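Visitor: sharing a model that was predicted from the sequence below.
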2 protein chains.
Amino acid sequence: MIQNNLAKTPNKAPGQKNCPGDDPRERLLLAAGREFAEKGYEAATVRDICLAAGVNLAAVNYYFGDKRRLYIESVKHAHEERMRQVPEPDWAAGTPADRKLHDFVGNMLERMLGSDQPPWQVRLMLREVLQPTEACRELVEDYFRPHFELLVAILDELAAGRLDEPNLRRAALSVIGQCFLYRAAGDVVGMLVPAEERAVLHTPRELAAHVTRFTLAAIGAGPPLAAASRCDDSPRPEASST
Amino acid sequence: MIQNNLAKTPNKAPGQKNCPGDDPRERLLLAAGREFAEKGYEAATVRDICLAAGVNLAAVNYYFGDKRRLYIESVKHAHEERMRQVPEPDWAAGTPADRKLHDFVGNMLERMLGSDQPPWQVRLMLREVLQPTEACRELVEDYFRPHFELLVAILDELAAGRLDEPNLRRAALSVIGQCFLYRAAGDVVGMLVPAEERAVLHTPRELAAHVTRFTLAAIGAGPPLAAASRCDDSPRPEASST
DNA sequence: ACTTGATTAAAACACCTGTTTGAAACAGGC
DNA sequence: GCCTGTTTCAAACAGGTGTTTTAATCAAGT
């Protein structure tokens, strides 16, 4: 009768868990993620979460034991789901590096901003980035570091070995920073840029083009933005191996 | 006896308000700012704030009427104080634009990261940026927009009129984004970069140098990072000097 | 010295929070 | 049938929250 250790997973139907109203545990994870993402850990209440999930108040204790553990699990869940939603691009051998960079940036912006509207999973992860808790380290190792290393490798290819590791890392952070701003400070950016300009130029696709051009020029693998340079016309063909 | 409208300012000694233990209102504003910056709006309690400020619990109601209004006032207060602490650079006429960019970036990083440790005022403003409340619009108009316009003007000077307004704005956001990342996601950056490298290269001074070089190269006003270009040796003298 | 108004202090007030309880409902095994 | 373990439910708990009240204190003003 006394439930000292938590019920990991309900006993019924362990095979089929994709039905929407199926698993109360799954429903809790989903509702909790949404609520935490929107309001933050403190402001989100387990009562609202349970109400949104359509489960009893005691379920959070039954399945997770604690609000804190529910939060951690919901972060992991969101991150796993988001990884499934947006897979890393897989390039054919011989794809030019500048194309890879463009795809990578586009992919990252797509994941951050979403094609239609920013997904709550990213907002939840953003909270972890800004104020790390226990769930953060895992998030970094499983999710951010592989992407980061991939970006560094692409930049290394673009620089053709002319940049050492520290400079490659800083350049990678410059790329990420450019994208990250639109995600984290999107509201403020929206106040600084005219609305019509935002509607046209601040789409994931346009932003990806801008960030890619900006970065290629910065590391010397593409023409500068203000393109009236001395060595124009030939935008450095060395990095477009094809 | 009944205090329907709030006491705007205490009656005693309106002239001298710089004494540390002087004005309870001032002390509340300070303690509230610190507390809100560290824990966020919901997690910070008026009891802790009053304890830290050394005032009675009822003082927050007496001077501000409300927790929410105390928060808003503390944000404004922090922003005003931070503006006083780090004044905008004032260049002599004829200062080369690339020098201006370097100073601007250094100033922004200094303000964001602090020379010794990140100031709580910025952390408080950061929260507003990430999740705007009523205090945000005022913050943007009074604080961010002037800096943003200044940066756009510098970039315009560097591009020598070869970039239109939208592109200038996007370039400015690229500059801000590069700096912003280290502030907002500093912890995650710290996990991705080796500690010794961070200690040496992730200081405001070094970061300013990197961001400036990156940006100058991107808009075509400086040599690219991987500097083995075809038109090498002469890194576009139009904006050099120093 | 008395009055007046502003300020402080302690206690109490509702209300909401995360968490726990104990019993009821449900399943499958014998 | 009955029993067993799992899952749900409504109610209550203990503690903390923002806010309000009430009286006490203080500093002039006259």
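Guide: It's in. Numbering: from 1, shown residues only, chains lettered A, B, ... in the order given.
Visitor: which other residues reach the helix or strand bottoming out on mean pLDDT in chain A?
Guide: Lowest on mean pLDDT, DSSP states H and E among the helices and strands of chain A sits helix A:134-139, with a mean of 90. Residues from elsewhere that reach helix A:134-139 (C-beta atoms under 8 Å, 6 or more residues apart in numbering or on different chains): A:Y71, A:I72, A:V75, A:K76, A:H79, A:M125, A:E128, A:V129, B:D187, B:V188, B:M191. Placement of C-beta: from N, CA and C, glycine included.
Visitor: can you check stretch A:186-201 too?
Guide: Against stretch A:186-201 from outside (C-beta under 8 Å, 6+ apart): A:113, A:118, A:181-182, A:202, A:206-207, A:210, B:129, B:132, B:136-137, B:140, B:144-145, B:148, B:166, B:169-170, B:173.
Visitor: counting neighbours, which bits of that stretch end up buried?
Guide: By neighbour count on 16 or more other C-beta atoms under 10 Å in any protein chain shown, the buried set for stretch A:186-201 is A:G186, A:V188, A:V189, A:M191, A:L192, A:V193, A:R198, A:L201.
Visitor: could these go into a markdown table alongside distance to B:G106, pLDDT and secondary structure?
Guide: Listed next are these as a markdown table, based on distance: C-beta to C-beta, whole Å; pLDDT from 0 to 100; DSSP: H, G, I helix; E, B strand; the rest coil:
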| residue | distance to B:G106 | pLDDT | secondary structure |
| --- | --- | --- | --- |
| A:G186 | 26 | 95 | helix |
| A:V188 | 22 | 97 | helix |
| A:V189 | 22 | 98 | helix |
| A:M191 | 25 | 97 | helix |
| A:L192 | 21 | 97 | helix |
| A:V193 | 25 | 97 | coil |
| A:R198 | 29 | 95 | helix |
| A:L201 | 28 | 95 | helix |
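Visitor: coming back round to it: which among the contacts of stretch A:186-201 count as buried?
Guide: Among the contacts of stretch A:186-201, the ones that count as buried (16+ other C-beta under 10 Å) are A:113, A:181-182, A:202, A:207, A:210, B:129, B:132, B:136, B:140, B:144, B:148, B:166, B:169-170, B:173.
Visitor: before we move on, the earlier item: ok, and does the least confident helix or strand of chain A reach over to DNA strand C?
Guide: No - using C-beta under 7 Å from any atom of the strand, helix A:134-139 stays clear of DNA strand C, coming no nearer than 14.3 Å.
Visitor: what about that helix, distance to the chain center?
Guide: 14 Å (C-alpha atoms, centre = their mean, to the nearest Å).
Visitor: in chain A, which spans are helices?
Guide: Ranges of helices in chain A, per DSSP state H, are A:24-39, A:46-53, A:59-63, A:67-85, A:97-113, A:120-130, A:134-139, A:145-159, A:165-184, A:186-192, A:195-201, A:204-219.
Visitor: what is the most widely separated pair among the contacts of helix A:134-139?
Guide: A:Y71 and B:M191 (20.0 Å; C-beta to C-beta).
Visitor: so what's A:L30 scoring on pLDDT?
Guide: Predicted confidence (pLDDT) for A:L30: 96.
Visitor: what of A:A78?
Guide: 93.
Visitor: ok, for it, nearest residue in space, not its chain neighbours?
Guide: Spatial nearest neighbour of A:A78, chain neighbours left out: A:Q121 (4.0 Å); criterion: C-beta to C-beta, 6 or more residues apart in numbering or on different chains.
Visitor: next: A:P166.
Guide: Distance criterion C-beta to C-beta, 6+ apart; nearest residue to A:P166, sequence neighbours excluded, is B:E197 at 5.3 Å.
Visitor: how far away is that neighbour from A:V152?
Guide: Distance of B:E197 to A:V152, given as C-beta to C-beta, to the nearest Å: 13 Å.
Visitor: joint contacts of the two?
Guide: Shared contacts of B:E197 and A:V152, counting by C-beta under 8 Å, 6+ apart, come down to A:R169.
Visitor: my read: A:N167 touches B:P224, true?
Guide: No - with contact defined as C-beta atoms under 8 Å, A:N167 does not count as touching B:P224 (11.6 Å).
Visitor: picking up where we left off before, among the helices of chain A, which comes closest to B:C50?
Guide: Comparing the helices of chain A by C-beta to C-beta, helix A:24-39 comes nearest, at 25.1 Å.
Visitor: can the closest one be said to contact DNA strand C?
Guide: No - figure legend: helix A:24-39 not in contact with DNA strand C (C-beta under 7 Å from any atom of the strand); closest approach 9.6 Å.
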